[in-house]
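In: sharing a model prediction with you, sequence too.
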Amino acid sequence: MVGDSLMGRFAGIEGGIVANVIIAEPLDIGNLPGEWVDVTNEAAVGMGWGYSGGVFTEPAPAPPVTRYLLTGAEWVSTFTDTEWAWLKTQRLLTTAAGKQLDKFMDAIRWSDSINVESANVDPFYSWMLNNGIPGGQTRIDELRAGVTE
């Protein structure tokens, strides 16, 4: 009966993992194929949980994901305030290097996104390395590492 207090929550177990969670009457569970365990009083149990010897275990947290395709704002936030000020100062120089940086920065600004590990960004990183970015190659490697979430 719908709304009856006999309804319960049941986990379908496949290969030691919770593959499904349903709400059903206990009498109906006996008609379903496979292994079903009453989890009515275990609100946290859900799909992906482990099950062995009558004990449920939480799934391992998802590994962090690293993104290399960043929005302009995300890309800017990968630089320290000091580095960004250095870039802005370098950009204003009327030297060939300053003009080259100005072109790089404009090209990046006009892009919807920046793939920080792309070969298209290599000239920018090379420029920073050749013009004395603090931290040198180590810092360039960090900037190319993307954003981990």
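Out: Sure, I can see it.
In: CA only for contacts and neighbour counts going forward, please
Out: Fine.
In: for stretch 133-146, what is the distance to the chain centroid?
Out: 21 Å (C-alpha atoms, centre = their mean, to the nearest Å).
In: pull out the buried positions in it.
Out: Residues 133, 137, 139, 140, 143, 144, 146 are the ones in stretch 133-146 that count as buried (16 or more other C-alpha atoms under 10 Å).
In: need the residues that contact the helix or strand hosting the second one.
Out: What that stands for is residue 137. Following DSSP states H and E, one finds residue 137 within helix 136-144. With C-alpha atoms under 8 Å, 6 or more residues apart in numbering as the test, helix 136-144 has contacts from 68, 78, 79, 116, 117, 125, 129, 133.
In: what do you get for stretch 109-126?
Out: Contacts of stretch 109-126 (C-alpha under 8 Å, 6+ apart): 68-72, 75, 101, 104, 108, 140, 143-146.
In: any idea of the mean pLDDT for the helix ranked longest in the chain?
Out: Longest helix in the chain by number of residues, with DSSP state H as the criterion: helix 96-109. Per-residue pLDDT values over helix 96-109 give a mean of 84.
In: list the buried residues in it.
Out: Applying 16+ other C-alpha under 10 Å to helix 96-109 flags 97, 98, 100, 101, 102, 104, 108 as buried.
In: direction included, what does whichever helix or strand comes after that helix pair against?
Out: Going down the chain from helix 96-109, the next helix or strand is strand 113-115, by DSSP H and E. With DSSP bridges as the test, strand 113-115 is paired with strand 69-71 (antiparallel).
In: mind listing what's buried in the partner strand?
Out: For strand 69-71, a neighbour-count test (16+ other C-alpha under 10 Å) marks 69, 70 as buried.
In: quick one: it to chain centroid distance?
Out: 12 Å.
In: re the thing from before, Throw the buried residues of stretch 133-146 into a markdown table and include distance to residue 42 and pLDDT, thanks.
Out: Formatted as a markdown table, the buried residues of stretch 133-146 follow (distance: C-alpha to C-alpha, whole Å; pLDDT from 0 to 100):
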| residue | distance to residue 42 | pLDDT |
| --- | --- | --- |
| 133 | 55 | 89 |
| 137 | 52 | 95 |
| 139 | 48 | 94 |
| 140 | 49 | 94 |
| 143 | 45 | 92 |
| 144 | 44 | 93 |
| 146 | 39 | 92 |
